[in-house]
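**Q** Need a 3D model of the sequence below.
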Amino acid sequence: MVLLSLMRAVADKAECTLGVVHVNHQLRPESEEEERYLEAFCKENDLFFYSERWLENQTSGNLEVRARKFRYSFFTRIMEEYSYDTLMTAHHMDDQAETILMRLTRGSVLRSLSGIRAKRSFGAGRLIRPLLIFSKDELKAFAKQQNIVYFEDSSNHSDTYFRNRIRHHVVPYLKEENSNFLEHVSSFSRQITLADELIQEMTTAKYREWVTKIDTGWQLDLRAFQKESRSFQYFFLQLFLYETLVEKGVAFNQEQFDNLYAVLRRSAPQKTVTLEKGWRFIKEYDTVLLIQPQLVQADSYTLNVGEGVFLSEKEWISLSRWDEPVAEPEVVQAWEQEERLVSGESSLPLKIRHRNDGDRIALTPVLTKRLNRLFIDKKIPNSSREKAWVILTDRNEILWVPQFANSYLSIPAETDKIHYRLLYKTGE
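**A** Numbers count the residues shown, from 1 in each chain. Purely as a prediction, here's the structure:
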């Protein structure tokens, strides 16, 4: 209400249109009265008023996080629908101190320790918080002096929430220790913000050079990364995770970050770390992959003569007589291809699956080799091993591992009268 009062005083001079956006979370009995008062206030003062009620199940999950997500989604929608370019919230210096103390306690990376940003991009415009330079006591005193009606959220008095425990038991003690505590926290926040801006300026150019967007996530070139200093690597990794996972709503704390950083520093050529929401951080030789959770798809297929099947969105395989044309779907016609001629004596239908432990491939009539060993010898990354398809006869004899290995069993004998043709195609 203080923010609204101040903005009304400058709206005409600043030539801006004011609107009030309100969410009734329906968590307190008095929220109905507050909504009615605000609606009447806006009507009396010719202000646009936009209101929404939160109707979700309010007894499960993280209530604060879900309520905030709903609130800011509504703000974004109103900005887009009614062409507002600026959202303003009334966060103050006490909110800043509480936020930074909470993040320190939980363990956050440097960028998060800047606390609540005074301004940032938001929706189709920007979000600004002009009252961060004032304490809550100063705002209350101003409201009293100007006879501004405001409502105190009764849930602020409960110690159920972590923020309230910080507010009631930690901040007052620190204020007693130093009356300038809030100002010092605000200064700390500004310094962290400036430091983070400098770090981003230094690392963003490398990000554009080293990071590639791929169908399943992102890929980082480790060869260039590993030539940099430890400090540069450390903060580059933070930028990498923020620009990718955090933008997708995947959170991580300082402990998790340190674990990922250690993976990159170790000499082990391959390592996979599972992150929030099923994302995977994969180090394999000279590359890091951030892979999104995969959609469920079939683990195995059968293939008869004259048939073709999509193994994934970017893989297709068919089996035909060697002297007959293959009916290819239009989408695969320009894809890269490999093909193998297979003996007409092969037991059909062919089977297609991912590799199993103990799989062996016949390289000669007298020599077989475990697929796992073959992959290791060729330094095939784990992620590629997991995605590799194995083509077998109906008797479970491996004929072919497209892109990686060919069995001597797939080579037709000179006496064969009929050959089959396996065609494997991949798209970008």
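**Q** which residues of the stretch 1-150 of the chain fall in helices?
**A** Assigned by DSSP state H, counting those that start in this stretch, the helices in the stretch 1-150 of the chain fall at 2-14, 31-44, 63-82, 93-106, 136-145.
**Q** tell me the most buried of the ones you listed?
**A** Of all those, helix 93-106 has the most neighbours on average by mean count of other C-beta atoms under 10 Å, namely a mean of 19. (Each C-beta comes from the backbone N, C-alpha and C, glycine too.)
**Q** and that one, what does it pack onto?
**A** For helix 93-106, the packing partners by 3 or more C-beta pairs under 8 Å, 6 or more residues apart in numbering; DSSP states H and E come out as helix 136-145, helix 162-165, helix 171-177, helix 181-210.
**Q** still on that earlier bit, ok, which of the helices of the stretch 1-150 of the chain comes nearest Ser347?
**A** Closest to Ser347 of these is helix 63-82 (C-beta to C-beta; 55.6 Å).
**Q** Show me what the closest one is in contact with.
**A** Helix 63-82 is contacted from outside by 19, 21, 23, 25, 27, 48, 50, 52, 54, 56, 84-85, 87, 122-125, 161, using C-beta atoms under 8 Å, 6 or more residues apart in numbering.
**Q** For the helices and strands packed on helix 93-106, give me JSON lines that also has distance to Glu243.
**A** Below are those laid out as JSON lines (distance: least, C-beta to C-beta, whole Å):
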{"stretch": "helix 136-145", "distance to Glu243": "34"}
{"stretch": "helix 162-165", "distance to Glu243": "28"}
{"stretch": "helix 171-177", "distance to Glu243": "33"}
{"stretch": "helix 181-210", "distance to Glu243": "6"}
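**Q** looking at the ones you listed, which one has the lowest mean pLDDT?
**A** Across the helices and strands packed on helix 93-106, helix 162-165 has the smallest mean pLDDT, namely a mean of 90.
**Q** helices or strands up against that helix?
**A** For helix 162-165, the elements it packs on are helix 93-106, judged by 3+ C-beta pairs under 8 Å, 6+ apart.
**Q** Can I get the helix it packs on as PDB, trimmed to CA atoms?
**A** Extracted C-alpha coordinates of helix 93-106, given in PDB (Å, rounded to 0.1, in the frame of the first residue of the first chain):
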ATOM      1  CA  MET A  93      15.500  -4.200   3.400                       C
ATOM      2  CA  ASP A  94      14.300  -6.700   6.000                       C
ATOM      3  CA  ASP A  95      13.100  -9.100   3.300                       C
ATOM      4  CA  GLN A  96      16.500  -8.800   1.800                       C
ATOM      5  CA  ALA A  97      18.300  -9.700   5.000                       C
ATOM      6  CA  GLU A  98      16.000 -12.600   5.700                       C
ATOM      7  CA  THR A  99      16.500 -14.000   2.100                       C
ATOM      8  CA  ILE A 100      20.300 -13.800   2.300                       C
ATOM      9  CA  LEU A 101      20.400 -15.500   5.800                       C
ATOM     10  CA  MET A 102      18.000 -18.200   4.500                       C
ATOM     11  CA  ARG A 103      20.200 -18.900   1.500                       C
ATOM     12  CA  LEU A 104      23.400 -18.900   3.600                       C
ATOM     13  CA  THR A 105      21.800 -21.400   6.000                       C
ATOM     14  CA  ARG A 106      20.600 -23.700   3.200                       C
END
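**Q** Among the helices and strands packed on helix 93-106, which comes closest to Gly217?
**A** Gly217 lies closest, by C-beta to C-beta, to one member of those: helix 181-210, at 14.7 Å.
**Q** relative orientation of the closest one and helix 136-145 in degrees?
**A** In this structure, helix 181-210 runs at an angle of 120 degrees to helix 136-145, with axes from the mean of the first three to the mean of the last three C-alpha atoms, to 10 degrees as the basis.
**Q** For Glu228, list the residues it contacts.
**A** Lys206, Phe236.
**Q** Could you rerun that using 7 Å?
**A** If a contact means C-beta atoms under 7 Å, 6 or more residues apart in numbering, then Glu228 has no contacts.
**Q** Provide the secondary structure category for it.
**A** The three-state label given to Glu228 by DSSP: H, G, I helix; E, B strand; the rest coil is coil.
**Q** returning to that earlier point: out of the contacts of helix 63-82, which are buried?
**A** When these are checked for burial by 16 or more other C-beta atoms under 10 Å, the buried set is Val21, Val23, His25, Tyr50, Glu52, Trp54, Tyr84, Leu87, Phe122, Gly123.
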